[in-house]
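Peer 1: Okay, here's the prediction I keep looking at, along with the sequence it came from:
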Amino acid sequence: MAHPDASNAPLRTVPLDALHRELGGRMVPFAGYAMPVQYPDGVLAEHAGTRNRAGLFDVSHMGQVRLTGPDPAAALERLVPGAIRALNPGRQRYTLLTTESGGILDDLMVANAGDHLFAVLNAARKDADLAHLRAHLPELAITVLDDHALIALQGPAAAAVFAPLAPDSADMRFMDARTMDVMGVPCFVARSGYTGEDGFEISVPAEAAERLVRALLEHADVAPAGLGARDSLRLEAGLCLYGADIDTTTTPVEADLAWTIGKARREVGDFPGAEVILAQLRDGPSRRRVGLRIDGRAPARAGAEIVDDSGAVVGRVTSGGFGPTMGGPIAMGYVPARLAEPGTRVNLRVRGKDLPARVATLPFTPPRQQKGRP
Amino acid sequence: MSTLYYTEDHEWIAVEGEAATVGITDYAQKQLGDVVFVEVPEAGKTLAKGDEAAVIESVKAASEVYAPASGTVTEGNEALGDAPGTVNDDPMGDGWFFKMTLEDPSELDDLMDQEAYDSFVAGLE
């Protein structure tokens, strides 16, 4: 998920724009789109509803892309450190577009859809990503699925709610992704999400999206949830927001995303930024993204300085706010490697005051995806 | 019987003689969304009109509550520390932020009355 932009260009609308307004969604500019930040129930209720039952998110602003060609997986591996060729048909993986200096251009989901790859890009990055993909992978046909909505159904009730509408979804496990009928309409469905919960992301033709969403919302366990809850859920789940927690100045190793680098890819080192990234894997990075728990109730937001026990500013908070499930303020940020151990005391400087905090293990909330065969 | 005044920053101030109570309006709490943290001033603090008097953090962002008039704080609403959501549930009542003694009640002349504030808010929607 990416950071909002602040441009004054006219906002683009998603296929479900009218439905969001009908549901009382408060529409705000996000990455060039008018998107619901919350509905009348509010962020705390939407967050809790997703953790306890199911939340329905419209993420149609994200870029849905089809990569077609002779060997799209081999081609894409020229731009990402993830093991894309090793991805079996029907499986999806989280990966990173890296720069020659080891920074991160975007984080994305890539699925092996059989005869093509299906990728989901951050809304704020999709134009830049497409230009990058087209410039470096000229042998691939890159199609943007502008005529599809993307719906995320997230939470412990998601599977039971979705199965009657999409019987083929019942046996999926986390990161399975394939085309199936949903209410009789072919959709590309992934058992994944960005909340730390079990759930599905459904790429549905725009003209069928409203019927699907209304059917899902009819269920007593499902409530619409906006970008506000999406942000607090992903923060509790320890997941990165592009433009805040990761960008071209952070490497996958610093960002604690080294797990996304394939084993064989490390041995060969044939991805952009390999020299820097492999050196950091070998020697350890000088700084690391960590979780931060604040002792009191005052939240520390992105940009707050992280201060060590000598009073020196050693880093900054990159995401921060109130963790509804935690019942208190939580944050993520970069600290020097010597301070990255969970339990280490630091202070977060907010409005001139140093708030006592300690480094915490990520994720803050236990992950509850459907990792095994259901 | 107190008289209510409003600021363009969506604070309300209920005045009875020189004693006043300050909070934020229903419009303000709706715009902020769920309030998760409030920091109120301590008794004895002197405030000039327009000073940052309190901090309010919602699920979305941090914002400030400004002093609608000059004076001395007589009480901060400490109950908000453990129950910041009271600002959402009862912004004009139990969700008050602080009480103060006014230094110069004539400063209130610049503020809006109920009717003026209602049309000010209507113009924002």
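Peer 2: On my side now, so go ahead.
Peer 1: which bits of chain B sit near chain A?
Peer 2: B:33-34, B:36-37, B:39, B:55, B:57, B:59-62, B:81, B:84, B:88 (CB under 8 Å from any CB of the partner chain). Glycine gets a C-beta too; all of them are placed from N, C-alpha and C.
Peer 1: Helices along chain B, start to end?
Peer 2: B:26-32, B:79-82, B:86-89, B:114-124 (DSSP state H).
Peer 1: The stretch 151-300 of chain A now?
Peer 2: A:158-162, A:206-217, A:227-236, A:263-268, A:274-283 (DSSP state H, counting those that start in this stretch).
Peer 1: Out of the ones you listed, which gets nearest to residue B:73?
Peer 2: helix A:227-236 (32.2 Å; CB to CB).
Peer 1: residue boundaries of the strands in chain B?
Peer 2: Listed in chain order, the strands of chain B (DSSP state E) span B:3-6, B:11-16, B:19-24, B:35-39, B:46-47, B:52-58, B:62-66, B:71-76, B:98-102.
Peer 1: Just the buried positions in whatever helix or strand residue A:74 lives in, please.
Peer 2: In this assignment (DSSP states H and E), residue A:74 forms part of helix A:72-76. In terms of neighbour count (16 or more other CB atoms under 10 Å in any protein chain shown), helix A:72-76 has its buried residues at A:72, A:73, A:75, A:76.
Peer 1: does the second one really touch residue A:118, like I thought?
Peer 2: No - using CB atoms under 8 Å as the test, residue A:73 is too far from residue A:118 to be in contact (11.8 Å).
Peer 1: Would you mind giving the strands of chain B as TSV with mean neighbour count added?
Peer 2: Shown next, in TSV, are those (neighbours: other CB atoms under 10 Å in any protein chain shown):
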stretch	mean neighbour count
strand B:3-6	18
strand B:11-16	19
strand B:19-24	23
strand B:35-39	24
strand B:46-47	18
strand B:52-58	22
strand B:62-66	19
strand B:71-76	19
strand B:98-102	21
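Peer 1: which ones are touching residue B:88?
Peer 2: A:42, B:29, B:34, B:35, B:95 (CB atoms under 8 Å, 6 or more residues apart in numbering or on different chains).
Peer 1: would you turn the strands of chain B into a markdown table with distance to residue A:21 and mean pLDDT?
Peer 2: Output for these, formatted as a markdown table (distance: least, CB to CB, whole Å; pLDDT from 0 to 100):
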| stretch | distance to residue A:21 | mean pLDDT |
| --- | --- | --- |
| strand B:3-6 | 29 | 97 |
| strand B:11-16 | 30 | 97 |
| strand B:19-24 | 26 | 98 |
| strand B:35-39 | 25 | 97 |
| strand B:46-47 | 41 | 98 |
| strand B:52-58 | 22 | 96 |
| strand B:62-66 | 26 | 94 |
| strand B:71-76 | 39 | 98 |
| strand B:98-102 | 38 | 98 |
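Peer 1: Of all these, which one is nearest residue A:330?
Peer 2: Closest among these, using CB to CB: strand B:35-39, at 11.3 Å.
Peer 1: Identify the residues contacting the closest one?
Peer 2: Contacts for strand B:35-39 (CB under 8 Å, 6+ apart): A:44, A:297-299, A:322, A:329, B:29, B:54-59, B:77, B:80-81, B:84-85, B:87-88, B:97.
Peer 1: what does chain A have sitting close to chain B?
Peer 2: So chain A meets chain B at A:37-38, A:42-44, A:228, A:232, A:297-299, A:301, A:321-322, A:324, A:329, A:351 (CB under 8 Å from any CB).
Peer 1: Okay, and which of the residues you listed map to strands?
Peer 2: Checking these against DSSP E, those in strands are A:37, A:38, A:321, A:322, A:329.
Peer 1: what bridges to the second one?
Peer 2: Right, the one you point to is residue A:38. residue A:26 (DSSP bridges).
Peer 1: from what I can see it touches residue A:226, true?
Peer 2: Yes - contact status for residue A:38 versus residue A:226: in contact at 4.3 Å, counting by CB under 8 Å.
Peer 1: State the distance from residue A:100 to residue A:78.
Peer 2: Residue A:100 sits 12 Å away from residue A:78 when distances are taken as CB to CB, to the nearest Å.
Peer 1: okay, and the common contacts of these two?
Peer 2: residue A:272.
Peer 1: in the stretch 1-150 of chain A, which segments are predicted with low confidence?
Peer 2: Residue ranges of the stretch 1-150 of chain A with pLDDT under 70: A:1-9.
Peer 1: Which parts of it are strands?
Peer 2: A:12-13, A:26-30, A:33-38, A:54-58, A:63-68, A:92-98, A:104-112, A:117-121, A:141-144, A:148-154 (DSSP state E, counting those that start in this stretch).
Peer 1: could I get those strands as CSV with mean neighbour count and distance to residue B:4?
Peer 2: Output for the strands of the stretch 1-150 of chain A, formatted as CSV (neighbours: other CB atoms under 10 Å in any protein chain shown; distance: least, CB to CB, whole Å):
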stretch, mean neighbour count, distance to residue B:4
strand A:12-13, 15, 40
strand A:26-30, 18, 27
strand A:33-38, 23, 29
strand A:54-58, 28, 39
strand A:63-68, 20, 50
strand A:92-98, 24, 53
strand A:104-112, 24, 50
strand A:117-121, 25, 51
strand A:141-144, 14, 54
strand A:148-154, 25, 43
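Peer 1: So for residue B:15, which of the ones you listed sits nearest?
Peer 2: Nearest of the strands of the stretch 1-150 of chain A (CB to CB): strand A:26-30, 32.8 Å.
Peer 1: So which elements touch the closest one?
Peer 2: The elements that strand A:26-30 packs onto, with contact taken as 3 or more CB pairs under 8 Å, 6 or more residues apart in numbering or on different chains; DSSP states H and E, are helix A:17-22, strand A:33-38.
Peer 1: which ones are touching residue 80?
Peer 2: No chain in the question, so chain A it is. A:95, A:96, A:97, A:98, A:110, A:271.
Peer 1: You answered for a different chain; I wanted chain B.
Peer 2: With CB under 8 Å, 6+ apart, residue B:80 has these contacts: B:38, B:40, B:86, B:87, B:95, B:97.
Peer 1: what's the closest of these to chain A?
Peer 2: Among the contacts of residue B:80, residue B:38 lies closest to chain A (CB to the nearest CB), at 8.8 Å.
Peer 1: And the residue nearest to the closest one when sequence neighbours are not counted, how far from residue B:91?
Peer 2: Distances taken as CB to CB, 6 or more residues apart in numbering or on different chains place residue B:80 nearest to residue B:38, at 4.2 Å, with adjacent residues excluded. For residue B:80, the distance to residue B:91 (CB to CB) stands at 11 Å.
Peer 1: For whatever residue of the stretch 201-350 of chain A ends up closest to chain B, give me its contacts.
Peer 2: Nearest residue of the stretch 201-350 of chain A to chain B: residue A:322, at 3.9 Å (CB to the nearest CB). By CB under 8 Å, 6+ apart, the contact list for residue A:322 reads A:232, A:299, A:328, A:329, A:330, B:36, B:37, B:57, B:59.
Peer 1: which residues touch the fifth one?
Peer 2: I take that to be residue A:330. If you count contacts by CB under 8 Å, 6+ apart, then residue A:330 has A:235, A:236, A:291, A:292, A:293, A:294, A:320, A:321, A:322, A:323, A:360, A:364 around it.
Peer 1: Show me how to select, in PyMOL, the buried members of these.
Peer 2: Of the contacts of residue A:330, the buried ones go into a single PyMOL selection, burial set by 16+ other CB under 10 Å:
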select buried, chain A and resi 235+236+291+292+293+294+320+321+322+323+360+364
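Peer 1: and the contacts of residue A:330 as a markdown table, adding distance to residue A:243 and pLDDT?
Peer 2: Converted to a markdown table, these look like this (distance: CB to CB, whole Å; pLDDT from 0 to 100):
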| residue | distance to residue A:243 | pLDDT |
| --- | --- | --- |
| A:235 | 14 | 98 |
| A:236 | 19 | 98 |
| A:291 | 19 | 98 |
| A:292 | 19 | 98 |
| A:293 | 24 | 98 |
| A:294 | 23 | 97 |
| A:320 | 15 | 97 |
| A:321 | 16 | 96 |
| A:322 | 21 | 96 |
| A:323 | 20 | 97 |
| A:360 | 23 | 98 |
| A:364 | 21 | 97 |
